[in-house]
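Asks: coords below, sequence missing:
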């Protein structure tokens with residue numbers, strides 16, 4: 001994965017890989033999103049499929065944050081993990097889907 005920039009809502013997040021440990025609540029993570037600095041970091045020791053799934057996982061965290069989705073009655077990590085895995089599989093299995101979504105009307 002090359003460094004990239006991904007727009008979530010009205011904000012552009014810089015996405016990069018890192019060799020540094022990524023910690024959230026004293027637990028090591030495969031990826032982390034920083035809403036203040038508009039960055040997403042992905043641990044580069046993961047395999048390619050895991051990195052892609054992790055990126056989608058972090059994007060779902062970003063969507064929840066940027067669109068102020070109320071998930072007060074839902075475990076956010078469970079929701080994001082399930083959605084991230086499902087979206088990764090959908091994108092991987094449906095190459096025409098991305099082209100379709102990107103087409104201008």
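Replies: Everything's here; your move. Bear in mind that the values here come from a model prediction, so they are computed numbers and not experimental data. Residues are numbered from 1 along each chain as shown.
Asks: Show me the strands in the protein, by range?
Replies: Taking DSSP state E, the strands of the chain run over residues 4-8, 11-18, 22-24, 27-29, 31-34, 39-43.
Asks: for the residue lying closest to residue 42 once chain neighbours are set aside, what are its contacts?
Replies: Leaving aside its sequence neighbours, residue 42 sits nearest to residue 31 (C-beta to C-beta, 6 or more residues apart in numbering; 4.6 Å). Placement of C-beta: from N, CA and C, glycine included. Applying C-beta atoms under 8 Å, 6 or more residues apart in numbering, we find residue 31 in contact with 22, 40-43, 54-55, 57-58.
Asks: Kindly report the same for residue 69.
Replies: Shown in contact with residue 69 (C-beta under 8 Å, 6+ apart): residue 63.
Asks: do residue 86 as well
Replies: Contact criterion C-beta under 8 Å, 6+ apart gives no residues in contact with residue 86.
Asks: Relative to residue 97, how far out is it?
Replies: Look at residue 86 and residue 97: by C-beta to C-beta, to the nearest Å, they are 13 Å apart.
Asks: Now tabulate the strands of the chain in TSV and tack on mean pLDDT and distance to residue 77.
Replies: Below are the strands of the chain laid out as TSV (pLDDT from 0 to 100; distance: least, C-beta to C-beta, whole Å):
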stretch	mean pLDDT	distance to residue 77
strand 4-8	87	18
strand 11-18	92	19
strand 22-24	89	10
strand 27-29	91	10
strand 31-34	94	12
strand 39-43	92	16
